[in-house]
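> Okay, structure incoming, though there's no sequence with it:
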Ligand SMILES: Cc1cc2nc3c(=O)[nH]c(=O)nc-3n(C[C@H](O)[C@H](O)[C@H](O)COP(=O)(O)OP(=O)(O)OC[C@H]3O[C@@H](n4cnc5c(N)ncnc54)[C@H](O)[C@@H]3O)c2cc1C
């Protein structure tokens, strides 16, 4: 109980971790560079700042984001509890006044006698001490580079756009334009779902793309693309055929009757259970509504449901499948926990969730020499399993809460609504049992 724990970053993950540990009796040093320095997206003096939208997404328990919140409430998340207490009208979404929310969390932190707030930028990890690094996707470059010493040179990424992901079952496989398999029939059959387009369909898609409305980038995001992950709409603006020679290359494919397509959209499987598919090369900063409008016009995709929309921002994160354990500490340095967006989850609530898990594991390890085994059927644990699964190391991209990452039900359920209800029931029951075990442990 006497050891100090250094938490770096008082954002969403860091604040949750600090409150968890301090309220369990640990002494916490909470380092935050604000207000003397701000990342390009942070503006408020207070902590736990929601940098963009003020929505924490759905509250409905049969939605993956809603279930994640229910799980977090069961695990006594301070930030989610506070968000519910302070919620403002926002339909089915948990919406808060970002200024009041940040103020309230800062008050909880600053009045806690176990938390010492140190307004200082950290450039180096405290090598011989316990660290929880929660410096977010806009972590300072010096600290990010220092982290490489512990994670390995090749384990840190920087990217600026992600592609949308859709649910497999929402694709219309009866459509003639959909072909399963790989270019030239290489690799195992069925790794990809291919949507073949004729010239008219491609032209319409191209015109839609170059004229679509973009998410309004902050100044620091403007035109700082890497060639390797150039947003698809930017590539399209280079010329009518650019996409046909790039991510929509049609070579190696033909229609069932033998005819040749003019262009091809490829969807790549995202998870072992075969429930999620990613649009290959379709990283985008189109407005969400525009993504939906344009992609739903493609053959067989009229009724698609999105597990994640494409988005665009600077994002520093580690290659967690390579270097992080399922307890959120580094494989080679168990005194360094990493959480929040920096460990490869995507989203406000997901960041909070990993802050909570890192704190529980850190505290439990100090007190009892063991980590917590959260139930695999929860969204929280499935997210962590996804980001720490070595098979995802090669092309690791951040993941958000969705039902596609959960283990399948023991008895398959075809009806989607019922299936989601069963997922929620299974998870919340498992957490009730888990809480009992955890209570026994402490
Ligand atoms: C521009 C942008 C917009 C986003 N919009 C959304 C959205 O609308 N909805 C959504 O769900 N998710 C969004 N995200 C993704 C993600 O949910 C947020 O970034 C979220 O805040 C991540 O939480 P975190 O705790 O990991 O990091 P943060 O909340 O960013 O907290 C990190 C903290 O660490 C501090 N810090 C950084 N480096 C140092 C250092 N060296 N020393 C001391 N302190 C340091 C920062 O000042 C900051 O307070 C967005 C991300 C970005 C970059």
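Everything's here; your move. Every value quoted in this text rests on a predicted model; they were computed, and no experiment measured them.
> Report the contact partners of the residue of the stretch 51-200 of the chain found nearest the ligand.
Nearest residue of the stretch 51-200 of the chain to the ligand: residue 136, at 2.5 Å (C-beta to the nearest ligand atom). Any C-beta I mention is one placed from the backbone N, CA and C, and that applies to glycine too. Residues near residue 136 by C-beta atoms under 8 Å, 6 or more residues apart in numbering: 9, 11, 13, 39, 340, 341, 342, 351.
> who wins for neighbours among the residues you listed?
Sorting these by how many neighbours each has (other C-beta atoms under 10 Å) puts residue 13 first, at 36 neighbours.
> So that residue belongs to a helix, correct?
Yes. Counting by DSSP: H, G, I helix; E, B strand; the rest coil, residue 13 falls inside a helix.
> that older thread, give me the subset of the contacts of residue 136 lying in helices.
13, 351 (DSSP state H).
> Keep only the contacts of residue 136 that also lie close to the ligand.
Among the contacts of residue 136, the residues lying close to the ligand (C-beta under 6 Å from any ligand atom) are 9, 11, 13, 39, 340, 341, 342, 351.
> Among the residues you listed, find me the one that's closest to residue 284.
residue 341 (19.3 Å; C-beta to C-beta).
> hang on, isn't that closest one packed against residue 318?
No. At 10.5 Å, residue 341 does not count as touching residue 318 under the criterion of C-beta atoms under 8 Å.
> how much space between the spatially most central residue of the chain and the ligand?
Taking C-alpha atoms, centre = their mean, the centroid of the chain lies closest to residue 346, which sits 2.0 Å from it. Distance check for residue 346 against the ligand: by C-beta to the nearest ligand atom, to the nearest Å, it reads 6 Å.
> Residue 241 too?
33 Å.
> Ok, residue 273 next?
From residue 273 to the ligand the distance is 24 Å (C-beta to the nearest ligand atom).
> burial of the nearest residue to that residue once chain neighbours are set aside, as a residue count?
Nearest non-adjacent residue to residue 273, counting by C-beta to C-beta, 6 or more residues apart in numbering: residue 408, 5.9 Å away. Using other C-beta under 10 Å, residue 408 has 13 other residues around it.
> same deal with the one 4 residues further on?
As a burial measure, residue 412 scores 7 neighbours (other C-beta under 10 Å).
> Tell me the pLDDT of it.
Here, the pLDDT recorded for residue 412 equals 91.
> Over to residue 441?
55.
> In contact with whatever residue of the chain ends up closest to the ligand, which residues?
With C-beta to the nearest ligand atom as the measure, residue 11 is the residue of the chain nearest to the ligand, at 1.6 Å. Residues near residue 11 by C-beta under 8 Å, 6+ apart: 47, 48, 49, 134, 135, 136, 340, 351.
> Residue 317 should be in a helix, yeah?
No. Using three-state DSSP, the secondary structure at residue 317 is strand, not a helix.
> now the end-to-end length of stretch 260-275.
29 Å (C-alpha to C-alpha, to the nearest Å).
> now swap in stretch 235-249 and tell me
13 Å.
> can you give me the offset of that stretch from its chain's centre?
28 Å (C-alpha atoms, centre = their mean, to the nearest Å).
> Buried residues of it, list them for me.
235, 236, 242, 243, 244, 247, 248 (16 or more other C-beta atoms under 10 Å).
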